[in-house]
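Enquirer: Task: produce atomic coordinates for the following.
(one chain, ligands or ions: 3)
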Amino acid sequence: AIVAGRMVLHFQEGHAGMRELLGGKGANLAEMTTAGLPVPPGFTVTTEACREFFQTGGKLSDERFGEIGDAMKALEVKKGQRFGDPHNPLLVSVRSGSVNSMPGMMDTILNLGLNDETVQGLGRLTGQEAFAYDCYRRLIAMFGNVVFGIEGLWFERKLHKLKEDSGIEEDRDVSAEQWKLLIGQFKQIVVERAGKPFPQQVEEQLRLAVEAVFASWNNQRAQIYRRIHRIPDEQGTAVNIQSMVFGNLGSDCGTGVIFTRNPSTGEKQLFGEYLHNAQGEDVVAGVRTPLPICELEKDMPDVFTQLSATADRLERHYRDMQDIEFTVERSKLYILQTRGGKRTAQAAVKIAVDMASEAVITREDAVLRIEAEHLDQLLHRAIDPEAALDVIATGLPASPGAATGQAVFHADAADEAARNGKRVILVRQETTPEDIHGVLAAEGVLTSRGGMTSHAAVVARGMGKPCVCGCESIRIGDGQFAAGEQVVKEGDWISIDGATGRVIRGHVALKEPEISAELTQLLVWADEVRDLRIYTNADTPHDAAKARELGAEGIGLCRTEHMFFAPERLPVVQSMILAEGMTERKEALDQLLPMQQSDFEGLFRAMDDLPVTIRLLDPPLHEFLPELGELLKQQSAQRQETERLEQAEKQDPRLAEVKRQLLETERLIRKVRLLHEVNPMLGQRGCRLGILFPEIYAMQAEAIFLAVKSCQQEGVRVKAEIMIPLVGHVNELKRLRKLVEETATAVLGDELAAVDYRIGTMIEVPRAAITADQIAEHAEFFSFGTNDLTQMTYGYSRDDAEGKFLTAYVEQKLLPANPFQELDREGVGELIQWAVQRGRGVKPQLKTGVCGEHGGDKASIFFCHELGLDYVSCSPYRVPLARIAAAQAAI
Ligand code: ADP
Ligand code: MG
Ligand code: MG
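Expert: Ligands and ions are numbered 1, 2, ... in the order given. I've put the predicted structure just below:
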């Protein structure tokens, strides 16, 4: 690469563009060093060295360790200190740093280079013995944890006990002698749990620490995080070795984290927290609840001014909101890390729009900045403002959105409850990275300690989960927590409001979200650049109106069967199916007709002046009948009842009625058996149904045209698109098209000329795609039903595949993604492209679109754009996402 053959680079040798090699942290430390910011000197061991480390069986080669040694020498010269020198010891941190930031997922060790001798040197040098031993005890605990895998709890307990025994509240009040005592106990823990002593030899400390950080790439929580965020396993992490600066040297010292803008709301104001007289991990670990950053302005105004200026400079330099870690040592500011700050979707939108308005980025940049998937979060639910609330505590509003669920107190319990279909709120004192699966499983998270930048808050925001943290007024005990007089037990319902920090007793009604001014702006910018039109899949006027509010430009798919399932209609639908002869069937259809007509009228009104695509009945008829098993049970119960009544001494008046019911059940059973198919998805459904029962499609077409007629009379501008499903052969389409056209003439007569309607088909059977040129002759539009098309192209039953082999296929990387979620470009996509080209060859004006689940998937939308389709259609709440994704595809 750039510095051929070397796997260890000093900060001054790198830059921000080298994150693949240096990891994000290392690349930014390099960039800041070069820019002249106050970064403690150090160097980075590259991700390449990490890959080498795994190839050589998890050991650092002598060559690599030699290279690290050389870099340490250079660092010693720069600092005028020596590693392991009892009089003037160099201390370093060993910090993990992967390519994509994985906050808190991997390990860092501070104060490396301390041992029984150098600790005394540090004490003499600083004139603060207690401080030196404080550093030493931190090193032993961190080292024990990271290198030897000893749970932090063992050390924390001892510290806790020491403070309790001596009545001390704060770490800074612990004396040198007390720290020494604790250090003795810590060393004992290491010997007991690791079977070997804490290494006194500093070179050995360094080697083990680097190896442990590399190895931490494969710890369980890092693996889970990578899976969630789709980070490749092969990437590896870099290790940064950096000279220490001390935030725990006294009252003119401290450490903190700031965001250049509010990561929760996006507001332009320095946001963050710091702790006096503390070392780095204390803030993020949530051990002590830190002070808001505005306090720093009062305590150390000069430092604060410098920090704000640096924040500003970094933000402009990176043209993005930054998350900055800093330490103040004896009133001098040091910057220890900067990175693009994690933010909620709401903040992302506001920041992008604000930065475009400030001319820091372009409008197109602003649109590109939005992670389309995260828009879902914006459509976050809130607590119904009308609801009466029993607020029992208030914490920090760490991640917006409201959640309601049963309280659980352990990550594993949350995980298990969620698997059993329960909605839970995870309640913890603080969360550690080991809790990540619990956060994922929960509806929301509540913690009693830790600030807005604590682990719980960062992780929850990243996942779009509501979170309230630092709620210090609650006391968490065993399987319960207390808030004032109230006690909430495991399994009790609680609600949290991540926007205000409220903790509420009981189940609370949640209100659907609204769209902010910034999002509206961003969507307008997106609309200016996108080529694809965005339609929605909607079956009711309510959904249609919602989708239209969210920017839908028409209905791409109305599934008429959903109208058949309404409880008051099902009996009519069933009698239509069960009808013995044509007259009986006609009777039932006549009852259905006005119902369908009013459905369509509702849709046309909601979509005034926009196209409404109505698919004629698609599923096999047996779906509308009760299950055979149920019927058989019913039959046997009715038989027994009949027998019982027949054997009774006196003629029972109920007998006739029970007999009649039995006959009815038997009729249903016969019909269900008759309609039974081994493979209903490939059976008598879609247009096949329309061919065999033309009166059903005729009724639907009649309802549509009657609705068109009455709506037009009201002044509604109707654009009806009638869609024939599951066509495989052109003859099917020809026949049904004729049926629809004849119905149109019959209903509308002379008015037909003034009606804007089209007839088209779904392309969801591979044969239809292949013969698209023939089909296009009889269709004004193609709507690719990519769910069925994927199912039939792959030959995967979509109802069976997902839960079974498909998950394994994706995990074992046989498939790049689940093809039902992300459109398969090579196979299904090729068919679509073929059909579009063939179809347009015959009919240049042919309208084309996608109406499967893929219409709301970002990668699939990109593909549809590349194919030059006219539209995608997705569910109402995916419409904003689709608008953004379509714009991103076009930029
Ligand atoms: P993470 O990736 O988990 O944030 P870091 O490597 O950033 O871990 O380290 C955590 C914290 O440790 C930092 O925020 C900083 O406060 C502290 N720290 C790391 N290196 C140093 C150092 N050289 N001097 C002082 N503090 C440090
Ligand atoms: Mg950090
Ligand atoms: Mg289909």
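Enquirer: Could you give the average pLDDT over stretch 171-183?
Expert: This predicted structure assigns stretch 171-183 an average pLDDT of 94.
Enquirer: cool, stretch 300-319 as well?
Expert: Per-residue confidence for stretch 300-319 averages out to 96 on the pLDDT scale.
Enquirer: Please apply the same query to stretch 125-142.
Expert: Looking at stretch 125-142 alone, the average pLDDT works out to 96.
Enquirer: In it, which of the residues would be classed as buried?
Expert: Of the residues in stretch 125-142, those with enough neighbours to count as buried (16 or more other C-beta atoms under 10 Å) are 128-142. In short, each C-beta sits where N, CA and C put it, glycine included.
Enquirer: Let's see that stretch as CSV, backbone CA atoms only.
Expert: Listed in CSV are the C-alpha atoms of stretch 125-142, where the atom choice follows Å, rounded to 0.1, in the frame of the first residue of the first chain:
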residue,chain,number,x,y,z
LEU,A,125,6.8,12.8,39.2
THR,A,126,3.3,14.2,39.6
GLY,A,127,3.6,14.7,43.3
GLN,A,128,0.4,12.8,43.7
GLU,A,129,0.8,9.3,45.0
ALA,A,130,-3.0,8.6,45.3
PHE,A,131,-3.4,9.5,41.6
ALA,A,132,-0.6,7.1,40.6
TYR,A,133,-2.1,4.2,42.5
ASP,A,134,-5.6,5.1,41.1
CYS,A,135,-4.1,4.6,37.6
TYR,A,136,-2.5,1.4,38.6
ARG,A,137,-5.6,-0.2,40.0
ARG,A,138,-7.5,0.8,36.8
LEU,A,139,-4.8,-0.8,34.7
ILE,A,140,-4.9,-4.1,36.7
ALA,A,141,-8.7,-4.2,36.4
MET,A,142,-8.8,-3.3,32.7
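Enquirer: neighbouring contacts of that stretch?
Expert: Here stretch 125-142 makes contact (C-beta atoms under 8 Å, 6 or more residues apart in numbering) with 87-88, 91, 108-112, 114, 119-120, 122-123, 152, 155, 159, 171, 174-176, 179-180, 182-183, 186-187, 190, 198, 246, 248-250, 279, 281.
Enquirer: give me that answer again for 6 Å
Expert: Under the criterion C-beta atoms under 6 Å, 6 or more residues apart in numbering, residues 109, 111, 114, 119, 122-123, 155, 175-176, 179-180, 182-183, 186, 198, 248-249 lie in contact with stretch 125-142.
Enquirer: before we move on, the earlier item: out of the buried residues of stretch 125-142, which comes closest to residue 460?
Expert: Within the set of the buried residues of stretch 125-142, residue 142 lies nearest residue 460; the separation is 25.1 Å, counting by C-beta to C-beta.
Enquirer: Next one: that closest one from ligand 3, what distance?
Expert: When distances are taken as C-beta to the ion, to the nearest Å, residue 142 and ligand 3 turn out to be 57 Å apart.
Enquirer: Same question for residue 353.
Expert: Taking C-beta to the ion, one finds residue 353 at 39 Å from ligand 3.
Enquirer: cool, and residue 80?
Expert: Shown here: residue 80 relative to ligand 3, a distance of 74 Å by C-beta to the ion.
Enquirer: confidence score at that residue?
Expert: The predicted local confidence for residue 80 comes out at a pLDDT of 96.
Enquirer: and it, what does it touch?
Expert: Residues in contact with residue 80 (C-beta under 6 Å, 6+ apart): none are found.
Enquirer: mind redoing it with 10 Å?
Expert: The contact partners of residue 80, by C-beta atoms under 10 Å, 6 or more residues apart in numbering, come to 88, 90.
Enquirer: returning to what we had before: list only those of the contacts of stretch 125-142 flagged as buried.
Expert: Among the contacts of stretch 125-142, the ones that count as buried by 16+ other C-beta under 10 Å are 109, 111, 114, 119, 122-123, 155, 176, 179, 182-183, 186, 198, 248-249.
Enquirer: Go through these and say which is closest to residue 445.
Expert: Here the nearest of these to residue 445, counting by C-beta to C-beta, is residue 155; it sits at 25.3 Å.
Enquirer: my guess is that closest one contacts residue 190, does it?
Expert: Yes. Here residue 155 reaches residue 190: they are 9.3 Å apart, a contact under C-beta atoms under 10 Å.
Enquirer: Which neighbours do the two have in common?
Expert: Here residue 155 and residue 190 have 140-141, 144 as joint contacts, going by C-beta under 10 Å, 6+ apart.
Enquirer: Closest one to residue 343 out of those residues, please.
Expert: The closest of the shared contacts of residue 155 and residue 190 to residue 343 turns out to be residue 141 (C-beta to C-beta; 32.1 Å).
Enquirer: if I've got this straight, the closest one is in a helix?
Expert: Yes. The secondary structure assignment for residue 141 places it in a helix, going by DSSP: H, G, I helix; E, B strand; the rest coil.
Enquirer: With ligand 2 as the reference, measure out to it.
Expert: As for residue 141, its distance to ligand 2 is 18 Å (criterion: C-beta to the ion).
Enquirer: Among the buried ones among the contacts of stretch 125-142, which lie within helices?
Expert: When these are checked against helices (DSSP state H), the matches are 119, 122-123, 155, 176, 179, 182-183, 186.
Enquirer: How many residues are close by residue 612?
Expert: Other residues near residue 612 come to 27 when the count uses other C-beta atoms under 10 Å.
Enquirer: and it, what element?
Expert: strand 611-615 (DSSP states H and E).
Enquirer: That strand and ligand 3, any residue contact?
Expert: No. Contact between strand 611-615 and ligand 3, assessed by C-beta under 5 Å from the ion, is absent, since the two come no nearer than 8.3 Å.
Enquirer: just how off-centre is that strand within its chain?
Expert: Taking C-alpha atoms, centre = their mean, to the nearest Å, one finds strand 611-615 lying 31 Å from the centre of the chain it belongs to.
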